[in-house]
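Q: Just a sequence and a predicted model for now, questions to come.
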Amino acid sequence: MSEFAGKSVVITGAGRGLGRGIGEAFAAAGARITIGARAMPHAEEARRAMQAAGGEAVVQACDVSRHGDCAALIQAAVAAFGGVDIVIHCAADIPHGGLGHVSDEGLERGFSSIAKAAWWLLDAARPHLAKSDGGGRFIAIGSVNGTATVVPNMTAYGMAKAALLAFVRGAAVDVVDEGITVNAIQPGLVASDRARSVLGDEGLAAYGATIPVGRAGNAADFAHACLFFASPKAAYVTGASLVMDGGSSLAGGRGGRNDVLKDRLTAQQEH
């Protein structure tokens, strides 16, 4: 029997993209998933996919930039499955733009959906995670942007993701005595629908070619890391962040990637 069989897993942003891919991996391992998402049609598609993968799944409408929605998501998982063992925070309202090109409202949505949401989710889930057999797990999906590298015209996003990593380190100490671990994964480029909407297929391929391993990351790559952090094998790991960017943040990486991003993000910013 899988070590995740019957485990209650809450995943934000699980209606599509990276969150959905991670959810399907946990479902295949026998977990019970509470999908937090804003777009209900996508969330229902994800629920069916997770059930087809072998797990149970329920959907809860959730805008993670709202404190009340984060608390309600955790309560939905408790109502459906009797508790919460693992929380994975994937959702983010990404503010595209450099200094002077992001509104106050956009800046606040970015910080609320990324960093504040992590605070709200862990705060609400804490008493339930503390009761989890084998220890509770909180995993945040961060970014190499703003921490290990800088992406042109993504300053606001990088700020919010850097704040998220600061939360992970501090919160890990706050809850360690309750048997809860708090860790982060820092993706680089992910071949997601969102990336395609920003870069286009041609731009995504061009950017991927500049990454030392020769491609963008995919949902399966990051699902493997989440499965590790959520497992008993990672019981000795807390307050850590795992960079998963195919080597793109290394000084010896191939050139040209910032030019690819700058051209497309600048064009999007001007529209």
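A: Good, I have the coordinates.

Q: Checking residue 18 next. Helix, strand or coil?
A: helix (DSSP: H, G, I helix; E, B strand; the rest coil).

Q: any idea how far it is from residue 93?
A: Distance of residue 18 to residue 93, given as Cβ to Cβ, to the nearest Å: 15 Å. Where you see a C-beta, it was placed from the backbone N, CA and C, and this is true even at glycine.

Q: which of the two has more neighbours?
A: Applying other Cβ atoms under 10 Å to residue 18 and residue 93 shows that residue 18 carries more neighbours, namely 28 against 20.

Q: Please enumerate the strands of the stretch 151-271 of the chain.
A: 180-187, 241-244 (DSSP state E, counting those that start in this stretch).

Q: Residues in contact with the longest one: which ones?
A: This points to strand 180-187. By Cβ atoms under 8 Å, 6 or more residues apart in numbering, the surrounding residues in contact with strand 180-187 are 18, 122, 126, 129-130, 135-144, 147-148, 161, 164-165, 168, 171-172, 175, 217, 222, 225-226, 229, 234-235, 237-245.

Q: In helices, which of those residues fall?
A: 18, 122, 126, 129, 161, 164-165, 168, 171-172, 175, 222, 225-226, 229 (DSSP state H).

Q: Show me which of these is closest to residue 198.
A: Each of the ones in helices among the contacts of strand 180-187 was scored against residue 198 by Cβ to Cβ, and residue 18 proved nearest at 14.5 Å.

Q: buried residues in the helix or strand containing residue 9?
A: Using DSSP states H and E, residue 9 sits within strand 8-12. Neighbour-count burial for strand 8-12 flags 8, 9, 10, 11, 12 (criterion: 16 or more other Cβ atoms under 10 Å).

Q: residue contacts, residue 121?
A: Contact analysis of residue 121 by Cβ under 8 Å, 6+ apart lists 10, 12, 64, 70, 73, 74, 87, 89, 138.

Q: Quick one: classify the fifth one as helix, strand or coil.
A: Put plainly, it is residue 73. Classified using three-state DSSP, residue 73 is helix.

Q: go on, the fourth one?
A: Under the three-state scheme (three-state DSSP), the conformation of residue 70 reads as helix.

Q: Quick check: it vs residue 250, distance?
A: For residue 70, the distance to residue 250 - Cβ to Cβ - is 35 Å.

Q: Assess the claim that residue 5 and residue 32 are in contact.
A: No. Applying Cβ atoms under 8 Å as the test, residue 5 and residue 32 come out as separate, 9.2 Å apart.

Q: More neighbours: which of these two?
A: Each of residue 5 and residue 32 has its neighbours counted (other Cβ under 10 Å); residue 32 has more, 24 against 12.

Q: nearest spatial neighbour of the more buried one, skipping sequence neighbours?
A: residue 56 (4.3 Å; Cβ to Cβ, 6 or more residues apart in numbering).

Q: Having no further points to raise, I will conclude here.
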